[in-house]
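Student: please work out how this folds:
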Amino acid sequence: MSTSEPTTRRSLLGKIWVGLGGLALLEGIWIVTDFLKPRKRQGTDEAAETLIVAGPIENFDPGSVTAFQQGKFYLARLEDGGFLALYRECTHLGCTVPWIGAEERFVCPCHASVFDIKGRVLSPPAPRPLDLFAVRIENGIVKVDTSKTLKRNTFSDNQVARS
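Tutor: This is a model prediction of the structure:
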């Protein structure tokens, strides 16, 4: 003897709606958690991709700035022969800052911040100098480690890599 009543069309549709609502809730949770997770930087999976060999010292003239697409930095050779690897992002809002060779300065196209060859702020709104990457000179070869940006508030002579 069975006491269960047959399923009505209304109760079946109600169960389907509850199931679809549960799926929508799970999908919403998945989207929110995926959005909040930190993104992986491209090219940081292997250590070899974060160490960029710029080249021999003699390839860079004093007072020159060379752009490196891989690593998103500029390698500046100062007049005294030292090297700085300057990150391309403006410290104001993160716009890509191009080097204007004729003016010998970096000029942000978004909000007109201006930086000198050492990355120091010449004209705000940028609140601090351009960030750096660590530079090593080994056997006359310039190498830049792009695994971590070095934030700074002022320029210091100890930030310059020398051979």
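Student: helices or strands next to the longest strand along the chain in the packing?
Tutor: For the chain, the strand with the greatest residue count under DSSP state E is strand 141-150. If contacts are counted by 3 or more CB pairs under 8 Å, 6 or more residues apart in numbering; DSSP states H and E, strand 141-150 sits against helix 47-50, strand 51-56, strand 73-77, strand 83-87, strand 132-138. Where C-beta positions appear, they are placed from N, C-alpha and C, glycine not excepted.
Student: could you dump these to JSON lines with distance to residue 17 and mean pLDDT?
Tutor: Output for the helices and strands packed on strand 141-150, formatted as JSON lines (distance: least, CB to CB, whole Å; pLDDT from 0 to 100):
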{"stretch": "helix 47-50", "distance to residue 17": "50", "mean pLDDT": "67"}
{"stretch": "strand 51-56", "distance to residue 17": "56", "mean pLDDT": "93"}
{"stretch": "strand 73-77", "distance to residue 17": "55", "mean pLDDT": "96"}
{"stretch": "strand 83-87", "distance to residue 17": "52", "mean pLDDT": "96"}
{"stretch": "strand 132-138", "distance to residue 17": "55", "mean pLDDT": "95"}
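Student: if we can go back for a sec, what comes up buried for the longest strand of the chain?
Tutor: Taking 16 or more other CB atoms under 10 Å as the neighbour-count basis, strand 141-150 is seen to contain the buried residues 142-146, 149.
Student: what's the angle from it to strand 73-77?
Tutor: Counting by axes from the mean of the first three to the mean of the last three CA atoms, to 10 degrees, strand 141-150 lies at 130 degrees to strand 73-77.
Student: ok, back up a step: and the helices and strands packed on strand 141-150: which comes nearest residue 27?
Tutor: Smallest distance to residue 27 across the helices and strands packed on strand 141-150 (CB to CB): 34.3 Å, for helix 47-50.
Student: show me the domain layout of this structure.
Tutor: 1-37, 47-159 (automatic domain parsing).
Student: least reliable of these going by mean pLDDT?
Tutor: Here the domains of the chain differ in mean pLDDT, and the lowest is domain 1-37 at a mean of 86.
Student: can you pull out the strands in the protein?
Tutor: Going by DSSP E, the chain shows strands at 51-56, 64-68, 73-77, 83-87, 99-100, 105-107, 114-115, 121-123, 132-138, 141-150.
Student: and the fourth one, how far from the chain's centre?
Tutor: What it means is strand 83-87. On the basis of CA atoms, centre = their mean, to the nearest Å, strand 83-87 sits 14 Å off its chain's mean C-alpha point.
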